[in-house]
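Enquirer: Give me coordinates for this.
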Amino acid sequence: MHGAAQSEARSADALLDGSALNDVWIHVNARDWRDLHAHYLEDTYYPVDFEWQGVNVRNSGIRVRGDTTRNGQKPSFRVDFNRYVGGQEFLGLDAVVLNNVWLDPSMIRDRLSMLVFRAAGVPAPRQAHVRLFVGASREYAGVYAVSEEIDEKFAAAMLHDRDGYLFEFHRQNGNPWGFEDPGPDLGWYVPRFDPRTHQTASVATLYMPVRDLVEAVNRARPSELERDLAEYLDLKTFITMLAVQNFVAQTDGLVSGVGMNNFYLYRYAGTRRSMVIPWDQDNSFSQIMMPPWQQLEANVLTLKIWSEPKYRAMYLSALLDVADLAASGWLEREARREYDQIRDAAYADPFAPYPQERFEQDQALVKQFARERAAIVRQYVTSLAPELLAARRR
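Expert: Take a look at the predicted model:
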């Protein structure tokens, strides 16, 4: 058996729950593999067979993906299972992403971040590590992080909605954006919010509700954010996502010196209400002493949250919730387990951009962060709002 018939009997969790270091084998023509590397700046698809644990999904498509991590040495990939065969799936998935962990010497920051999001109740993609092999000779191509795509099936499973409007946000270099209102021109939104569903819908259908959301954020009274944004944004989940990102010291997310980045926006079908979904969190776990309210003033919405005592307390309470998760030892245990799982494969990675010493140094920093960050965040919160921590101890 191969392909869909065999994969139906298994769950995607077997690949994506991270309980084991799986092997993935990309069967690809040698000339196509060379061409893919030579033209890594292009998004050209090549035919491949995707094999995992005896399941072989034939006639899939592969292309290089990524922005700052895109390179010809160890590219990241998107594997599209129905690129050439309509309706073909793998473990119920239409596609997976193979991330080269190029900017993360520890190789585990993105996955740990996604685990924290999910533990805190924020919808986030499942992710695990794999050893990637390619070609007829099964050449080892290194350690990759495999992730489910944020797509219609993710929305159906995690948001319980099948027909909404999904956008991937693309930051424009030199033009940082933090919910500032750009005015009525819908063309401003087109390069920034890439539609991943309903691609053939009109510009007005796609972007007028996004413009309405931005206008609502700018119009909303700080003291009445929940009421004023109830029709447009899941504010509670946004605050929790913000708390997780600042707990793990993600410096390239909802708030940063160069604007918002690394998120998807999902608008529920038949409504104007949207949800923000995290993506690509490999800049986290690097600044253990980072204040958990750094850069909040650089974003229209986060500034309103921070400036209003009611919502500041909601945000600080969410921070303490995340700290409680980490203080249980769970986060450090997960970091250590990940290290043990991938260490030998990382050492053998022929295309890793960092030496083994750097891998070990960054792994040690991530484990220290996982062990000590909760106490640091609690100290920060105590310095600003001691009554919150005191109330939890009663």
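Enquirer: all contacts plus neighbour counts: C-alpha atoms, from now on.
Expert: OK.
Enquirer: Count the neighbours of the residue nearest to residue 354 when sequence neighbours are not counted for me.
Expert: Counting by CA to CA, 6 or more residues apart in numbering, residue 105 is the residue found nearest to residue 354 once chain neighbours are left out, at 6.3 Å. Per other CA atoms under 10 Å, the neighbour tally for residue 105 reads 22.
Enquirer: and the gap between residue 105 and residue 195?
Expert: Distance, residue 105 to residue 195, by CA to CA, to the nearest Å: 32 Å.
Enquirer: what do you get for residue 118?
Expert: In terms of CA to CA, residue 118 sits 24 Å off from residue 195.
Enquirer: out of those two, which sits in the more crowded spot?
Expert: residue 195 (21 against 16).
Enquirer: Just list the residues touching the nearest residue to the more buried one once chain neighbours are set aside, thanks.
Expert: Take residue 195 and drop its neighbours on the chain: the residue closest to it by CA to CA, 6+ apart is residue 167, 4.4 Å away. Residue 167 sits next to 193-197, 264-266 when contact means CA atoms under 8 Å, 6 or more residues apart in numbering.
Enquirer: Next, residue 167: phi, psi?
Expert: phi -130, psi 140 (degrees, to the nearest 10).
Enquirer: Under the pLDDT cut-off, which ranges of the chain? List them.
Expert: 1-10, 394 (pLDDT under 70).
Enquirer: ranges for the helices of the stretch 151-300 of the chain?
Expert: 152-154, 203-219, 225-229, 235-247, 300-307 (DSSP state H, counting those that start in this stretch).
Enquirer: Tell me which residues of the third one come out buried.
Expert: Yep, that's helix 225-229 we're talking about. Within helix 225-229, the residues that count as buried by 16 or more other CA atoms under 10 Å are 225-226, 228-229.
Enquirer: same deal with the second one?
Expert: By neighbour count on 16+ other CA under 10 Å, the buried set for helix 203-219 is 206-211, 213-218.
Enquirer: Next, the contact list for the residue nearest to residue 95 when sequence neighbours are not counted, please.
Expert: Spatially, and ignoring its direct neighbours in sequence, residue 95 is nearest to residue 80 (4.4 Å; CA to CA, 6+ apart). Residue 80 sits next to 60-62, 94-96 when contact means CA under 8 Å, 6+ apart.
Enquirer: returning to what we had before: just give me the closest of the buried residues of helix 203-219 to residue 258.
Expert: Each of these was checked against residue 258 using CA to CA; the closest is residue 214, at 18.2 Å.
Enquirer: can you pull out the strands in the stretch 1-150 of the chain?
Expert: 22-28, 46-52, 55-65, 76-80, 95-99, 127-134, 139-148 (DSSP state E, counting those that start in this stretch).
Enquirer: Please identify which of the helices of the stretch 151-300 of the chain is closest to residue 390.
Expert: helix 235-247 (19.4 Å).
Enquirer: and the closest one, what other elements does it pack with?
Expert: Packing partners of helix 235-247 (3 or more CA pairs under 8 Å, 6 or more residues apart in numbering; DSSP states H and E): helix 109-119, strand 274-278, helix 309-327.
Enquirer: care to break the chain down by domain?
Expert: Following automatic domain parsing, one gets these domains for the chain: 4-152, 161-394.
Enquirer: And the first one, how far out from the chain middle?
Expert: It refers to domain 4-152. Once both centres are worked out by CA atoms, centre = their mean, to the nearest Å, domain 4-152 turns out to sit 14 Å from its chain's centre.
Enquirer: hang on, the earlier thing: export the contacts of residue 80 as JSON lines, with columns for distance to residue 385 and neighbour count.
Expert: Shown next, in JSON lines, are the contacts of residue 80 (distance: CA to CA, whole Å; neighbours: other CA atoms under 10 Å):
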{"residue": "60", "distance to residue 385": "54", "neighbour count": "26"}
{"residue": "61", "distance to residue 385": "53", "neighbour count": "23"}
{"residue": "62", "distance to residue 385": "51", "neighbour count": "26"}
{"residue": "94", "distance to residue 385": "46", "neighbour count": "20"}
{"residue": "95", "distance to residue 385": "45", "neighbour count": "24"}
{"residue": "96", "distance to residue 385": "43", "neighbour count": "19"}
